[in-house]
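A.B. asks: Structural data only, the sequence is not supplied:
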């Protein structure tokens, strides 16, 4: 046996498989990026107090950053396929760190739009797709579980980021706090990015599970379809439709669930705790659903996720007591991860790894479109009807449509 073959065997079968390093690094980067990103609302009031801008004017940069994030995710996915995650995540970390440091110098509204809307939005374009795509390349077995762990970093960031930001602002003020968070993110993201490798072949290794009874499957996944070939298949557009349904439902609830609690008579504190419950339970939800995906398959996990999300929204539409409200929120938080963690593995299963990042990036546009339409339509229906009941019923219907689209997806490679 050659030295190269021995190295392959040791790292592919041993306890020190480098793919686990990739997962830990991706989780830490994800947590750090989303922690700072989700802290925007904590900086909101201090900036309003200092400059006297309207809430709409100050919220605009966040909406702009979401749009730029979604568009550039396609480019970041393609760059990951070509250049690897180390380069892409270094660029993303640099943009985010510099963007937040620049925010400490804001004096005019247009600067907020440039620094946050454009620079931070561009940096966040690499916050999800490149890392998900990289993890998919390192694992054949355990792909869903590892994807779930990295995706859970978003929930961790959402949970700790606002708390850290609030503490910093209370001590140093919002300007110095932006510098501290920007420098910290710059160091964490750029330094950790140097440990990322695009796929096992870069280190003379093979993906986890490749040499454990799935050689044929892993070999098939190592080539796959180009984006152009994927776009002409009906399966891609069915898959794209599931992304729209996912974005519609998830963002509708995340944006409006606290407002719904207030509409039916609960206090602001209860509404905030409800939102925290949804976000907090999404962490174990993604890990659990990721593990389920390895056992029953990615398509089945996404189907289960859509069904449970629909049930949670139907429950939410009729919830009037504290326990029913929090029960519906808990079910939603635990279940929507079944869809989240299935996206990247399904791209690998349906279209292979040749253009995995690029295809996943284009798919994410469907999520972004749904995320833009859903909250708007949900708010409009509430304005028209005077409650969220019909709006949540519509969203539950969209979720069931997502389940139907998922049910007609293939469970193997598209030809």
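C.D. replies: All right, it came through fine. What you see is a predicted model; the values in this text were computed from it and never measured.
A.B. asks: Spell out which residues make up each domain of the chain.
C.D. replies: 3-201, 223-407 (automatic domain parsing).
A.B. asks: Residue 208: which of these is closest?
C.D. replies: Nearest of those to residue 208, taken as CB to CB: domain 3-201 at 4.7 Å. The way it works is simple: take the backbone N, C-alpha and C, and place the C-beta from them, glycine included.
A.B. asks: pLDDT averaged over that closest one - what is it?
C.D. replies: If you average the pLDDT over domain 3-201, you get 86.
A.B. asks: Tell me the confidence at residue 220?
C.D. replies: On the pLDDT scale, residue 220 gets 42.
A.B. asks: Can we start the residue count at 33 from this point?
C.D. replies: Noted, 33 is the first residue going forward, which turns the last one into residue 252.
A.B. asks: Can you list the neighbours in contact with stretch 338-354?
C.D. replies: Contacts to stretch 338-354, defined as CB atoms under 8 Å, 6 or more residues apart in numbering, come from residues 274, 277-278, 281-282, 285, 289, 292, 296, 298, 302, 356-357, 359-361, 363-364, 366-368, 370-371, 420-421, 424-425, 427-429, 431-432, 434-435, 438.
A.B. asks: ditto for stretch 168-176
C.D. replies: By CB under 8 Å, 6+ apart, stretch 168-176 touches 50-51, 54-55, 167, 178-179, 230-232, 239-242, 244, 246, 249-250, 253, 321-326, 330, 333, 373-374, 376-377, 379-380, 385, 388.
A.B. asks: Are any of those residues buried, and if so which?
C.D. replies: 50-51, 54-55, 167, 178-179, 230-232, 239-242, 249-250, 253, 321-326, 330, 333, 373-374, 376-377, 379-380, 385, 388 (16 or more other CB atoms under 10 Å).
A.B. asks: Sort out for me which of these are in strands.
C.D. replies: The members of the buried ones among the contacts of stretch 168-176 all map outside strands under DSSP state E.
A.B. asks: in the protein, which spans are strands?
C.D. replies: Going by DSSP E, the chain shows no strands.
A.B. asks: Stretch 52-62: which residues count as buried?
C.D. replies: Neighbour-count burial for stretch 52-62 flags 52, 54, 55, 57, 58, 59, 60, 61, 62 (criterion: 16+ other CB under 10 Å).
A.B. asks: Return the subset of those residues lying in helices.
C.D. replies: 52, 54, 55, 57, 58, 59, 60, 61, 62 (DSSP state H).
A.B. asks: Apart from its neighbours in sequence, what residue is nearest the third one?
C.D. replies: Yep, that's residue 55 we're talking about. residue 178 (4.9 Å; CB to CB, 6 or more residues apart in numbering).
A.B. asks: Surely the one you found is in contact with residue 164?
C.D. replies: No: the criterion here is CB atoms under 8 Å, and residue 178 misses it with residue 164 at 9.8 Å.
A.B. asks: show me the contacts for residue 100.
C.D. replies: Counting by CB under 8 Å, 6+ apart, residue 100 makes contact with 149, 150, 153, 154, 156, 157.
A.B. asks: The fifth one against residue 102, yeah?
C.D. replies: No: in terms of CB under 8 Å, residue 156 does not count as a neighbour of residue 102; the distance is 9.4 Å.
A.B. asks: between those two, which one's more packed in?
C.D. replies: residue 156 (25 against 22; other CB atoms under 10 Å).
A.B. asks: Nearest residue to that one in space, please, no chain neighbours.
C.D. replies: residue 101 is the one closest to residue 156 (CB to CB, 6+ apart), at 4.3 Å.
A.B. asks: The one you found and residue 350, how far apart?
C.D. replies: 34 Å (CB to CB, to the nearest Å).
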